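> Dropping the sequence and predicted coords here.
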Amino acid sequence: MDPLARILDGPRARDAFLLRSILTPPWSLRIEDRAPLTVASVVRGQAWLVPDDGDAVRLRPGDVAVIRGPHPYTVAGDPATPPRVVIHPGQRCTTPEGESLSAAMALGLRTWGDRTEDTAGATELFTGVYEFQGEINGRLSRVLPQRIVLSAEAWDSPLLPLLGAELHRDAPGQQALLDRLLDLLLTAVLRAWFSRPEAEVPGWYRAQSDPVVGAALRLLHDEPAHPWTVAALATRTGVSRAALARRFSDLIGEPPMT
């Protein structure tokens, strides 16, 4: 199994929350659902991802954002618009004053937002939410930054249109199909992101391409129960113990046994 597959071996949606949102300006959503991971994409219009601890990021059609929880954030048509809807755990939605909006903004099968006949100026969003920590493995949680934004130009995949089409269907086994499509979408987005130079990936991931350190890492990962020593790893990788220890520490930042 390659290193990226090891990281991604774990996202398994179970009855994931998937939604198409239709929002007319001025709109702003305060997300306080504490979900461990959310995937969001603009289908039409534009949106701004506004974290509490960083700069706002503009999202255009085809762009995808992956947000690691549980920290709150805001998604808005304009970053200056104050929130008018708050999303709580369990995807319960209210006004900022606490009045329920769940029934008022329900628009049909997996569709939510503003009731309006004129949708020409509306923003359409897709949102997929992993609501429970057990759906995301610890390796992935440790590797991901708080936010990833991948522009439409940075990746090419048929999964978003396919997922959008399947959101409107209500056939037997539909939820299981949507869960797997969300897993595939997340995997495709992260694969594209990990290949980019700005990706903040751990040293051991980049070190996989090193002929010596990469071989040592694969041995450690493939045989974790083996009583490894630096000497044994050096023998298997064809270098001296000192050379392996030095090269390993230089590339990864910690000794092999650590």
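Right, received. Where do you want to start? Since the model is a prediction, treat every value here as computed from it, not as a measurement. Numbers count the residues shown, from 1 in each chain.
> so residue 154 sits right up against residue 191, yeah?
No. With contact defined as C-beta atoms under 8 Å, residue 154 does not count as touching residue 191 (11.5 Å). From N, CA and C alone the C-beta is placed, and that goes for glycine too.
> Report the contact partners of the spatially most central residue of the chain.
The chain has residue 66 as the residue nearest its centroid, 3.4 Å off, counting by C-alpha atoms, centre = their mean. By C-beta atoms under 8 Å, 6 or more residues apart in numbering, the contact list for residue 66 reads 37, 38, 39, 144, 147, 148, 150, 186, 189, 190, 193.
> redo that, cut-off 7 Å
Residues in contact with residue 66 (C-beta atoms under 7 Å, 6 or more residues apart in numbering) are 37, 39, 148, 186, 189.
> Mind listing residues that contact the longest helix along the chain?
As assigned by DSSP state H, the longest helix anywhere in the chain is helix 174-194. Applying C-beta under 7 Å, 6+ apart, the external contacts of helix 174-194 come out as 4, 8, 11-16, 18, 39, 64, 66, 128, 148, 150, 154-155, 157, 159-160, 162-163, 166, 199, 201.
> In strands only, show me these.
When DSSP state E is applied, the contacts of helix 174-194 are split such that 18, 39, 64, 66, 128, 148, 150 fall in strands.
> most neighbours, which of the residues you listed?
Neighbour count (other C-beta atoms under 10 Å) singles out residue 64 as the most crowded of the ones in strands among the contacts of helix 174-194, with 26 neighbours.
> where are the low-confidence patches of this structure?
The chain contains residues with pLDDT under 70 at 1-11, 137-139, 202.
> can you give me the helices for it?
In the chain, the segments counted as helices under DSSP H are 3-8, 138-143, 159-167, 174-194, 203-206, 213-222, 230-237, 241-252.
> And for residue 256, nearest residue in space, chain neighbours not counted?
Using C-beta to C-beta, 6 or more residues apart in numbering and skipping residues adjacent in sequence, the residue nearest residue 256 is residue 248, 4.9 Å away.
> Verify the stated contact: that neighbour with residue 216.
Yes. Between residue 248 and residue 216 there is a contact at 6.4 Å, judged by C-beta atoms under 7 Å.
> what touches both of the two?
residue 256.
> of the two, who's got more company?
residue 248 (27 against 24).
> OK, contacts around the more buried one?
213, 216, 255, 256.
> related to what we said a few turns ago, which of the ones in strands among the contacts of helix 174-194 sits closest to residue 120?
Distance to residue 120, by C-beta to C-beta, is smallest for residue 64 among these, at 24.2 Å.
> who does that closest one bridge with?
As for beta bridges, residue 64 partners with residue 41, residue 150 under DSSP bridges.
> Against residue 86, how distant is it?
According to C-beta to C-beta, to the nearest Å, residue 64 stands 24 Å off from residue 86.
> re the thing from before, ok and the longest helix of the chain relative to helix 159-167, angle-wise?
On the basis of axes from the mean of the first three to the mean of the last three C-alpha atoms, to 10 degrees, helix 174-194 is oriented at 170 degrees to helix 159-167.
> Out of the ones in strands among the contacts of helix 174-194, which is nearest to residue 121?
residue 64 (22.7 Å).
> dump the residue contacts of that closest one.
So residue 64 contacts 39, 41, 150, 189 (C-beta under 7 Å, 6+ apart).
> Now distance to residue 176 too, for these, in CSV please.
Converted to CSV, the contacts of residue 64 look like this (distance: C-beta to C-beta, whole Å):
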residue, distance to residue 176
39, 18
41, 21
150, 26
189, 21
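> Which pair in the residues you listed has the greatest spatial separation?
Maximum distance among the contacts of residue 64 (C-beta to C-beta): 10.4 Å, for 39 and 150.
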